[in-house]
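S.K.: Starting from these lines, generate the structure:
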Amino acid sequence: MILAILQARMSSTRLPGKVLMPILREPMIVRQIERISRARRIDRLVVATSDQPGDDVLEAALRREGIAVHRGPLDNVLARFIGALDAHPADHVVRLTADCPLTDPGLIDATIDLH
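M.R.: Numbers count the residues shown, from 1 in each chain. Down below sits the predicted model:
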């Protein structure tokens, strides 16, 4: 089982809320997930975000799209990843960040094959 964990939060210091900014009338993170879902080697995807109220809107948007979400401490990315992995057990994890809307699914698959 290969789990992709996509880290995302609304509290970016350089561009707050960027993950929900629209690209072709859809939130950027949804467009990125569309690309990630083309990777054939990923079995499951979960978005890891913070448990802060500012990320409630992100969780709501993702759940509307049927995307799994795990929430954890804002200041502890590792704890969010471990929590996501505990909730969605897997043999391998692919770590992705939500501010890369041009993620290449072929490169994800090639990296998994190399691993």
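S.K.: quick one: terminal-to-terminal distance for stretch 70-82?
M.R.: Taking C-alpha to C-alpha, to the nearest Å, stretch 70-82 runs 10 Å from one end to the other.
S.K.: so who does the nearest residue to C100 once chain neighbours are set aside touch?
M.R.: Closest residue to C100 apart from its sequence neighbours, by C-beta to C-beta, 6 or more residues apart in numbering: Q32 at 6.7 Å. Where you see a C-beta, it was placed from the backbone N, CA and C, and this is true even at glycine. Contact criterion C-beta atoms under 8 Å, 6 or more residues apart in numbering gives 6, 98, 100-101, 103 as the residues in contact with Q32.
S.K.: Just send these back as a markdown table, with neighbour count, secondary structure and distance to V19 too.
M.R.: As requested, the contacts of Q32 are exported to a markdown table (neighbours: other C-beta atoms under 10 Å; DSSP: H, G, I helix; E, B strand; the rest coil; distance: C-beta to C-beta, whole Å):
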| residue | neighbour count | secondary structure | distance to V19 |
| --- | --- | --- | --- |
| L6 | 26 | strand | 10 |
| A98 | 23 | coil | 5 |
| C100 | 13 | coil | 11 |
| P101 | 18 | coil | 9 |
| T103 | 20 | coil | 13 |
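S.K.: picking that back up, in terms of helices and strands, where is the residue nearest to C100?
M.R.: Element membership for Q32 (DSSP states H and E) is helix 28-36.
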